[in-house]
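Visitor: give me a 3D structure for the following:
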Amino acid sequence: MQQISVATVIAAISISATDAFVANPNTGRTHLPTTCATNFVTTGSHTSHRSIRIPSATQLYNTEDDDAQDNEIERLQKMAAKLRAEAASLEADKANQLAEAAEKAFRKFDINSDGEVSLTELKMGLEKVLKTEISDKRVKELMEVFDKSGDGSLQLDDFVTVERFRNQLEALAREEKRRAVEAGQESKRQEQEALLAEAKLEFLNDKEPTTKDKIISVLPYLFPLMDGVQYGRFLLGSDDASANPFVAILALLYTLYRSIPFSGFAAFFALNTFSGNPSINRLVRFNMQQAIYLDIALFFPSLLIGLGGLIVGAAGGPPLSNQAGEIFSDVMFGTLLLTLLYCAGSSLLGKEPDSIPLISQKVKDRMPTIDMFDNDGKFVPMEFRGENDDDKSDKDDDK
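Guide: Reported below is the predicted structural model:
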């Protein structure tokens, strides 16, 4: 065998020692590799070698860290268990103290020692301990809170400490105060609503008509009567009618009516203006509006007869006879008189004459009502009501 010099052995050991520290390319640190180092041993003329596994520094450190972490977790678990035990002990001590205090208070409140505290005993005991007067209502509320059995008295199991009674009394007082505040607010709101409703009624006179209002409410029907006299020229012009005092009065009124220039237009605009005044009684305003509609209605029959005559004449037909025209005029005047008598009679009785077909419903639709007031008490005419509701809806949506 070839002989290995001492220098060769030393060089090999140096290389092994150097290789034991290898730089980590990721961290830049050196560590002990887990590879095997070769040691050369020379015995006599023979040189032998053996491999020894050397643990790295990282493995040593990880083992120590795991042991330390396990110890720390075990220590924290023991500490938590100890704290839970102490907390349970404190809770038990506190429960025992409360039970003892409740039993002691129960013995004081149970004046007749019958094993239960009645409503009277509870009131007397609380007033003595708390040194304040408590109403029977409040004591009854306390009894309802703590009386688990519902028999109207407190047994030892139901009884609590005086401090809990005090806290419950304070809670009941706060609740009563809250209810009082809410009741006051509700009362104030209702009062405001009542004032607003009263203001609406003052602004919009929908009250029961007085005797004066009833009489005044008949006068607007003179307007359609004067314009409808033309249909009664045959009846009123007869010899028998001239002796009738009603006809004489009617003739006088018609003469005065026609003596005023543009009397028809003046009467129309006057009735239309005053009917929009909400301070005037509703019955009067209603009759003003209905008188205008009746006067307008008188125009259409004459218009239809005139157009019919023109159409018949253009077609070569015979013209309308005088007798037919007289009958038509008499029917129109008779219908007008019956309508006006109905309106006058209902008005004098204080009732709206709202049964005339077509016309009365139109008048009702134009009459302002309480519903035309908004929540702020402002009057909104019917023609603007839809726009006002839309604006409110938009504001609510924005909110």
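Visitor: the strands in this protein, which residues?
Guide: Here the chain has its strands, by DSSP state E, at 22-23, 30-31, 36-43, 46-53.
Visitor: so where's the stretch 251-399 of the chain shaky on pLDDT?
Guide: 308-309, 312-313, 317-321, 372-399 (pLDDT under 70).
Visitor: now Glu133: how far from Ser279?
Guide: Using CB to CB, to the nearest Å, Glu133 is found at 56 Å from Ser279. (C-beta placed from N, C-alpha, C; glycine too.)
Visitor: er, Ala99 I mean
Guide: Counting by CB to CB, the gap from Ala99 to Ser279 is 76 Å.
Visitor: name the residue in the two with the higher neighbour count.
Guide: More crowded of Ala99 and Ser279, by other CB atoms under 10 Å: Ala99, with 13 against 9.
Visitor: tell me the pLDDT of the more buried one.
Guide: In this model, Ala99 is scored at 70, pLDDT.
Visitor: kindly report the same for the one 10 residues further on.
Guide: On the pLDDT scale, Phe109 is placed at 79.
Visitor: and Asp65, how far from Glu72?
Guide: Counting by CB to CB, the gap from Asp65 to Glu72 is 10 Å.
Visitor: correction: Phe328
Guide: Counting by CB to CB - Phe328 and Glu72 are separated by 118 Å.
Visitor: have a look at the two and say which one is more surrounded.
Guide: Between Phe328 and Glu72, Phe328 has the larger neighbour count (other CB under 10 Å), namely 16 against 10.
Visitor: ok, that one - contacts?
Guide: 301, 305 (CB atoms under 8 Å, 6 or more residues apart in numbering).
Visitor: what's the separation between it and Gln289?
Guide: 28 Å.
Visitor: how about Arg75?
Guide: Distance of Arg75 to Gln289, given as CB to CB: 97 Å.
Visitor: then Ala180?
Guide: Taken as CB to CB, the span from Ala180 to Gln289 is 50 Å.
Visitor: the more surrounded of those two?
Guide: The neighbour comparison of Ala180 against Gln289 (other CB under 10 Å) goes to Gln289, with 23 against 10.
Visitor: which residues touch the more buried one?
Guide: Neighbouring residues of Gln289 by CB under 8 Å, 6+ apart: 271, 275, 363, 366-367.
Visitor: list just the nearest of those residues to Ile249.
Guide: Among the contacts of Gln289, Leu271 lies closest to Ile249 (CB to CB), at 21.4 Å.
Visitor: what's the closest non-adjacent residue to Met332?
Guide: Tyr231 (4.1 Å; CB to CB, 6 or more residues apart in numbering).
Visitor: that neighbour reaches Leu336, doesn't it?
Guide: Yes - between Tyr231 and Leu336 there is a contact at 6.7 Å, judged by CB atoms under 8 Å.
Visitor: hey, what's in contact with both of those two?
Guide: Leu298.
Visitor: and Val146, how far from Leu122?
Guide: One thing to correct before we go on: residue 146 is Phe, not Val. Distance, Phe146 to Leu122, by CB to CB: 9 Å.
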